[in-house]
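> With the sequence up front, the predicted model follows.
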Amino acid sequence: MKTALITGITGQAGAYLAKQLIVEGYRVVGSSRDVKFANKHGLRFLGLSEQDIDVVSLNLDEFAIVVDLIDELRPDEIYHLASPSSVARSFREPVETTAHIVMSTINLLEAVRRVDAGTRFFNAASTEMFGECEHPADETTHITPKSPYGVAKAAAFLQTRNYRDAYGLFACSGIFSNFESPLRPLNFVTRKIVSTACRIAGGEKMELHLGNTHIRRDWGWTADYVDAARRMLLQESP
């Protein structure tokens with residue numbers, strides 16, 4: 001039985017990926033900063049119980065702790081999905097956002113290199129690292145981030161590529177745009193629109209307030225995104 005470690009397993013992407021891997025026969029281990037306070041609603045929503053997944057506490061900012069866990073598990077695959085997800089919040093907390101995204105990624109990569117168990121590594125990157133694009137972004141678009149979140153994600157993307165090129169790790173990044181599901185928190189635009197529409201229909205609220213409605217974004221279904229991540233680690237080369 002293969003073992004997969006999913007950081008940020010209590011997020012929407014982590015929950016959908018865990019479901020897919022369990023169906024495929026994997027042992028799934030998920031990490032959360034503190035298991036006691038982890039919100040497992042998403043896992044339960046998808047029909048997953050504590051018998052299906054081992055959830056462990058892991059501070060990704062502490063290198064020694066990360067190495068110990070990777071050495072203990074020696075996972076076949078790591079899916080690094082844990083990350084602050086609010087661009088707006090990153091402007092209010094640039095130091096915390098940057099430190100966590102950058103250090104968590106390099107700690108995992110260096111742990112995989114040192115343990116040397118042949119682990120394949122997936123990093124969840126973001127189209128936020130492209131900033132404002134005149135044309136739809138693709139893999140060749142210049143990296144010109146316009147937010148602390150985008151800057152940090154760009155650094156993590158470059159770290160992953162460097163570990164692949166310099167050390168020969170099977171390490172790759174999936175560049176995610178907005179991905180949506182019923183597990184999205186209510187402060188994100190799709191759930192905000194739906195929940196407010198329901199409240200208006202029920203007579204509880206009369207107005208929906210949004211930010212810049214001229215921004216153009218790609219949108220995707222969360223289960224498709226994690227399936228793409230899964231397929232990336234099944235390739236012959238990263």
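Everything's here; your move. Please read all numbers here as calculations on a predicted model, not as lab measurements.
> buried sites along the top helix by length along the chain?
Looking across the chain with DSSP state H, the single longest helix is helix 94-115. Across helix 94-115, burial judged by 16 or more other Cβ atoms under 10 Å covers 97-98, 100-113, 115. C-beta: built from backbone N, CA, C; applies to glycine.
> I'd like the mean pLDDT over that helix, please.
Helix 94-115 shows a mean pLDDT of 97.
> That helix - contacts with which helices or strands?
In terms of contacts (3 or more Cβ pairs under 8 Å, 6 or more residues apart in numbering; DSSP states H and E), helix 94-115 is packed against helix 63-73, strand 77-80, helix 87-92, strand 120-126, helix 148-167.
> Can you lay out the ones you listed as a markdown table showing distance to residue 196 and mean neighbour count?
Below are the helices and strands packed on helix 94-115 laid out as a markdown table (distance: least, Cβ to Cβ, whole Å; neighbours: other Cβ atoms under 10 Å):
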| stretch | distance to residue 196 | mean neighbour count |
| --- | --- | --- |
| helix 63-73 | 40 | 16 |
| strand 77-80 | 32 | 26 |
| helix 87-92 | 18 | 14 |
| strand 120-126 | 26 | 25 |
| helix 148-167 | 25 | 20 |
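> For residue 48, find the nearest of the ones you listed.
strand 77-80 (15.4 Å; Cβ to Cβ).
> average pLDDT across that closest one?
Mean predicted lDDT for strand 77-80 stands at 98.
> Give the partner strands of that strand in its sheet and their orientations.
Here strand 77-80 is paired, per DSSP bridges, with strand 3-7 (parallel), strand 120-126 (parallel).
> CA atoms of that strand as CSV?
Extracted C-alpha coordinates of strand 77-80, given in CSV (Å, rounded to 0.1, in the frame of the first residue of the first chain):
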residue,chain,number,x,y,z
GLU,A,77,4.0,11.1,-2.5
ILE,A,78,3.6,14.5,-0.8
TYR,A,79,0.9,17.0,-1.8
HIS,A,80,1.7,20.3,-0.3
